[in-house]
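A.B. asks: test case, fold it:
(one chain, ligands or ions: 1)
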Amino acid sequence: MSTIYSARWVLPVSTSPIENGAVAIEGQRIAGVGPRSEIVERFPEFRVEDFGGAVILPGLINSHTHLELTAMRGYLENEERDFFAWLRKLTVARLERLTPDDIQVSATWGACEAVRAGITCVADASDSALMSMHALQEVGLRGVVYQESFGPDARLAAENFEKLKVKLQELRATETGLVRAGVSPHAPYTVCGPQLEMIADLAKSENFPVMMHAAESEAEELFLREGCGVFAEGLARRSIEWKAPRMSTIQYLKQCGILHTFPVLAHCIRVDDEDIETLRNYHVKVAHCPKSNAKLGHGRAPLGKFLEAGVIVGLGSDSVASNNTCDILEEARFATLFARAGGSDVSAADAFNAATLGGELTEGAQADLAVVSLNGVHQTPSYDPVATLIFSSSGRDVIRTVIAGREVFRDGRVTTVDEDRLHARMNEISAKLSV
Ligand SMILES: [Zn+2]
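C.D. replies: Here you go, the predicted model:
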């Protein structure tokens, strides 16, 4: 049915906020945006739904997440001071303790959490990419699912690469108009140089989007610059040869061809001025994950410098194993506060742009939007809708999420899946993991 949503505020992004605004939706697309009176007159046949004291905004975009790890929310709190132990416990749990159905449930639960928080599009890196793909499609999310690739041993690079190609073919066969397949070499300390080069070539020739963890931890920096630290010791124990390139992660990824794929790079904490210029010149999209970076003690990415230099920045929750929620409004608040704590002048509008990453409410665009209530005690009074969104609101204030014209979250429920069944299964999985 064709619908008009109206609210006290509409934030089209492409134009100034509209007080008493409305958005008309026909099928998957936006048919019109403007003052409520104009839109109602222009589309007299459309059903009108008024949200009152609320704001309608373009759907939020989660630029970096791992939905399959949702079952590990809070599971790794004791390992957080030791990134190597954290990664090991996570990997063992995923590979040895969870069944394929557990991982499927975990990913679908994560997708529910996303749409409940007004997120309409995710960039999801997954070892079980087919399951993440299924989760996004079941819940009705838009996004890219990136098949992860691991392999620090150069002797196995060709073999690992062949396995990856098979997985990518399977993944591509499940693409829809809403969800695309991509590839994610996990990190510079888990994938060797030759494998990175092969993946970069494949991504270019087969047109796969690329996502990668980059410049995240001190251990990673030590590994690449000096060839020592916990990652080097881990490889030595497995008799894997590693010669440090003795440069920053960003320059190393440029050398391996990864930057030539216009990748999304998650974290980018340990970057200098030369690296920032490189990120801008190669049109790298940085997935800034302020909460994950803080919780794991990895530091703060230089958001103010990125924005000043014209680097494209989106916001990512990372997995809830390191966060512990998938909530882009919260990420936007933390991004702004951390930047200001470090002396950078980052505005609420800057954070809002990163949270919506180019999304606009404009005639003809895909109808992806979120409606956030502004009626909460914690939001009242509201003098400026963007400031209230960024500084006083969270995903829990979202009351409606629409993706390609479809209402995937309304009246407090995800409309596309059986959340009660998933909730019961999540409790079973956590009981198993806690033994
Ligand atoms: Zn990550």
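A.B. asks: just give me the neighbour total for the residue nearest to Met72 when sequence neighbours are not counted.
C.D. replies: Among residues not flanking Met72 along the chain, Ala321 sits closest, at 4.0 Å (C-beta to C-beta, 6 or more residues apart in numbering). Backbone N, C-alpha and C define where each C-beta goes, glycine included. By other C-beta atoms under 10 Å, 26 other residues sit near Ala321.
A.B. asks: got it, and the one 10 residues further on?
C.D. replies: Residues lying near Glu331 (other C-beta under 10 Å) number 31.
A.B. asks: doesn't it belong to a strand?
C.D. replies: No - applying DSSP: H, G, I helix; E, B strand; the rest coil, one finds Glu331 to be helix, outside a strand.
A.B. asks: give the contact list for it.
C.D. replies: 288-291, 315-317, 355 (C-beta atoms under 8 Å, 6 or more residues apart in numbering).
A.B. asks: same question, Glu113
C.D. replies: Shown in contact with Glu113 (C-beta under 8 Å, 6+ apart): 70, 320, 325-326.
A.B. asks: out of the residues you listed, which are buried?
C.D. replies: 70, 320, 326 (16 or more other C-beta atoms under 10 Å).
A.B. asks: from these, pick the one nearest Ala117.
C.D. replies: Cys326 (6.2 Å; C-beta to C-beta).
A.B. asks: contacts only, for the closest one.
C.D. replies: 62, 65, 67, 70, 110, 113-114, 117, 119, 317, 320, 395.
A.B. asks: name the nearest of these relative to Ala244.
C.D. replies: When the contacts of Cys326 are compared against Ala244 (criterion: C-beta to C-beta), the nearest one is Thr65, at 30.0 Å.
A.B. asks: surely that closest one meets Ser322?
C.D. replies: No - in this structure Thr65 lies outside contact range of Ser322 using C-beta atoms under 8 Å: 10.6 Å.
A.B. asks: which one's more surrounded, the two?
C.D. replies: More crowded of Thr65 and Ser322, by other C-beta under 10 Å: Thr65, with 32 against 24.
A.B. asks: Arg142 and Cys121 touch, don't they?
C.D. replies: Yes - using C-beta under 8 Å, Arg142 and Cys121 qualify as a contacting pair, with a distance of 4.4 Å.
A.B. asks: which residues do those two both contact?
C.D. replies: Going by C-beta under 8 Å, 6+ apart, residues that sit against Arg142 and also against Cys121 are 59, 368, 403.
A.B. asks: just give me the closest of those to Phe338.
C.D. replies: Closest to Phe338, out of all of the shared contacts of Arg142 and Cys121 and judged by C-beta to C-beta, is Gly59, at 24.1 Å.
A.B. asks: count the neighbours of that closest one for me.
C.D. replies: Based on other C-beta under 10 Å, the number of other residues close to Gly59 is 25.
A.B. asks: which pLDDT does the model give it?
C.D. replies: At Gly59, the model reports a pLDDT of 98.
A.B. asks: one step back: and which of the buried ones among the contacts of Glu113 is nearest Ala24?
C.D. replies: Closest approach to Ala24 among the buried ones among the contacts of Glu113 (C-beta to C-beta): Cys326, at 29.7 Å.
A.B. asks: tell me the secondary structure for the closest one?
C.D. replies: coil.
A.B. asks: per-residue pLDDT, it?
C.D. replies: At Cys326, the pLDDT value in this model is 97.
A.B. asks: for the one 10 residues further on, same thing?
C.D. replies: As summarised for this prediction, Thr336 has a pLDDT of 98.
A.B. asks: the one 4 residues further on now?
C.D. replies: Taken from the predicted model, the pLDDT recorded for Arg340 is 97.
A.B. asks: now it: closest residue in space that isn't a chain neighbour?
C.D. replies: Nearest residue to Arg340, sequence neighbours excluded (C-beta to C-beta, 6+ apart): Val346, at 6.3 Å.
A.B. asks: from Arg29, how far out is that neighbour?
C.D. replies: Distance of Val346 to Arg29, given as C-beta to C-beta, to the nearest Å: 33 Å.
A.B. asks: who's more crowded, the two?
C.D. replies: More crowded of Val346 and Arg29, by other C-beta under 10 Å: Val346, with 20 against 14.
A.B. asks: right, and the more buried one touches Ala301 too?
C.D. replies: No - contact criterion C-beta under 8 Å: Val346 and Ala301 do not qualify, at 11.6 Å.
A.B. asks: secondary structure class of the residue nearest to Arg340, three-state.
C.D. replies: coil.
A.B. asks: contact partners for it?
C.D. replies: Val346 sits in contact with 303-304, 307, 335-336, 339-340, where contact means C-beta under 8 Å, 6+ apart.
A.B. asks: just list what the helix or strand of the chain with the lowest mean pLDDT packs against, helices and strands only.
C.D. replies: The weakest-scoring helix or strand in the chain, judged by mean pLDDT, DSSP states H and E, is helix 83-92 (a mean of 84). Here helix 83-92 touches helix 230-237, going by 3 or more C-beta pairs under 8 Å, 6 or more residues apart in numbering; DSSP states H and E.
A.B. asks: and Ser373, what are its bridge partners?
C.D. replies: Bridge pairing for Ser373 (DSSP bridges) gives the partners Ala54.
A.B. asks: please name the residues that touch it.
C.D. replies: Ser373 makes contact with 51, 53-54, 379, 397-399, according to C-beta under 8 Å, 6+ apart.
A.B. asks: nearest to Ala129 among the residues you listed?
C.D. replies: So of the contacts of Ser373, ranked by how close each gets to Ala129 (C-beta to C-beta), first place is Val398, at 26.9 Å.
A.B. asks: which residues touch the spatially closest residue to the closest one that is not a sequence neighbour?
C.D. replies: Sequence neighbours aside, Gly118 is the residue nearest to Val398 in space, at 3.9 Å (criterion: C-beta to C-beta, 6+ apart). In this structure, Gly118 makes contact with 57, 59-60, 328-329, 370-372, 395, 398, 401, judged by C-beta under 8 Å, 6+ apart.
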